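Engineer: Build me a structure from this.
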Amino acid sequence: MAGPKNTADFEDLLPVMANKLGGDGLIRELCNGFSLLMDRDKKVITFESLKNSSAILGLQDLSDDELKNMVREGDLDGDGALNQMEFCVLMFRLSPELMEESEACLERALEKEFGK
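Structural biologist: All right, here's what the predicted structure looks like:
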């Protein structure tokens, strides 16, 4: 029996998606992913909606505690769920390569604006 997938599987794909789709396309895909995972009535990702959708993501082997930790990690406002912005921020935080690219882009923009 295969073990649970780790976040490295996702981390490797997000930069590829960003390069292939561009910034706007990546955001669109993240929004589509959010819609797929969210609770239809509450319009947020809850532990329950994530658990119900976990097989789609290949996360069916994760324990309830691991799924709860995923929601908790991204829950910036403390309401126990992920809104669309929190979900997108979490996806970027889980991708070190994308974060490095974003930081480099910001540094270049600041250098251009304010000089060295």
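
Engineer: neighbours around the closest residue in space to residue 49 that isn't next to it in sequence, how many?
Structural biologist: Among residues not flanking residue 49 along the chain, residue 39 sits closest, at 4.1 Å (C-beta to C-beta, 6 or more residues apart in numbering). In this view, the C-beta of every residue, glycine as well, is placed from N, C-alpha and C. Residues near residue 39, counting by other C-beta atoms under 10 Å, number 16.

Engineer: How about residue 86?
Structural biologist: 20.

Engineer: Same question for residue 45.
Structural biologist: Residue 45 has 27 nearby residues by other C-beta under 10 Å.

Engineer: Do I have it right that it meets residue 38?
Structural biologist: Yes. Assessed by C-beta atoms under 8 Å, residue 45 is found in contact with residue 38 at 5.1 Å.

Engineer: thinking again about what came up before, that's a helix at the residue nearest to residue 49, yeah?
Structural biologist: No. Counting by DSSP: H, G, I helix; E, B strand; the rest coil, residue 39 is not part of a helix but coil.

Engineer: Run through the helices of this protein in chain order.
Structural biologist: 7-37, 47-53, 64-74, 84-93, 96-114 (DSSP state H).

Engineer: Reformat the ones you listed into a markdown table and put mean pLDDT next to each item.
Structural biologist: Formatted as a markdown table, the helices of the chain follow (pLDDT from 0 to 100):
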| stretch | mean pLDDT |
| --- | --- |
| helix 7-37 | 70 |
| helix 47-53 | 93 |
| helix 64-74 | 92 |
| helix 84-93 | 85 |
| helix 96-114 | 67 |
